[in-house]
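Take this sequence and fold it.
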Amino acid sequence: MELVQIILGPISVAAAVLSVAAVLVAGFVRGFVGFGAAMIIIMALSIVLGPRSAVAVASLAGVVTTIQLLPVAVRLAERPFVVPFGIASFLAAPLGTFVLITLDPAIMKMAIAAFVLFMVAMMWRGWRIGRGGPVAIIGTGLLAGLIQGSAGVGGPPAVALALARPGAASHQRANVIGAVSSLTFCGIPALWYHGLFTREVIVVSCLIVPPYVFATWLGAKFFSQQGQKIFRVAALWVLAIAGVVTLVLAVRDYGS
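Model (predicted):
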């Protein structure tokens, strides 16, 4: 027990167990549909670490699983979608940090959640946008980078655009993974600049990486074996839940 306390430092055993449980769920979701892990990890770890450290942990640990899934994105993703999206998100992420400091993030989150839920409702009705032109892709990349820099959860707009494009489930998932991968990396510099990679964050990140990687592998395996048939429905459900949770928490924060 003393060795455990030395490793964990100020982090309680209960907090460590909650962290591992959260990443097991988050990793499976990430491996299966390609996104959603950051939302789960941030919600769970905010309880025990606070929101700033939770965002830092989700970003740092997410680098490993991003590298784990990158071969799929490189092989199957549409470069005309992923490349301009990634460049735009990198350009907008620093501005997101500025927004976090100067504006009320709750208002921005409410607007984002409303947009995501609208997109989900339209896609449930069978709506698609086609391939989408450069303006739509770059605009979504800028919006997602802005959200990533300010709140650490820039995935929903990117996923909404990726799912609205035509194509097989494997290609849609690869586009999602490619877009979310760029968001994972674009948020790292701002977090480092603001000193959020503390000892506590590094310890928790190292603790959760092994189960996170394992659960991500399980999710990816499930997709390859039998998950392609339900991928779109599952992804829309995860996206809808992300939108509702974001909206509820934003309304709560705005009223407090």
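
wait, isn't A144 in contact with V180?
No - the pair formed by A144 and V180 falls short of the contact definition of Cβ atoms under 8 Å, at 9.0 Å. From N, CA and C alone the C-beta is placed, and that goes for glycine too.

Between these two, tell me which one has more neighbours.
A144 (32 against 28; other Cβ atoms under 10 Å).

With adjacent residues omitted, what lies nearest to that one?
Across the structure, with Cβ to Cβ, 6 or more residues apart in numbering as the measure, the residue nearest A144 apart from its sequence neighbours is G154 (4.0 Å).

and that neighbour, how many neighbours?
31.

Repeat that for V120.
By the other Cβ under 10 Å criterion, the neighbourhood of V120 contains 24 residues.

what are the phi and psi values for the residue nearest to A144?
The phi and psi values for G154, taken as degrees, to the nearest 10, are phi -80, psi 0.

I'd say it and L142 touch.
No - look at G154 against L142 with Cβ under 8 Å: they stay out of range, at 10.3 Å.

Which neighbours do those two have in common?
Here G154 and L142 share the contacting residues S89, scored by Cβ atoms under 8 Å, 6 or more residues apart in numbering.

Dead centre of this structure: give me the residue that sits there.
Compute the mean C-alpha point of the chain, and by Cα atoms, centre = their mean the closest residue is A38, 4.1 Å away.

ok, now how distant is it from E78?
In this view, A38 and E78 are 23 Å apart by Cβ to Cβ, to the nearest Å.

Then P210?
Between P210 and E78 the computed distance is 32 Å (Cβ to Cβ).

more crowded one of the two?
Looking at P210 and E78 with other Cβ under 10 Å, you find the greater number of neighbours at E78, namely 20 against 12.

show me the contacts for the more buried one.
E78 makes contact with 165, 167, 171, 174-175 under the criterion Cβ under 8 Å, 6+ apart.

Can you name the residues that contact Q68?
Contacts of Q68 (Cβ under 8 Å, 6+ apart): 213, 216-217.

I'd say P94 and A190 touch.
Yes - with contact defined as Cβ under 8 Å, P94 counts as touching A190 (6.0 Å).

Thanks a lot, see you next time.
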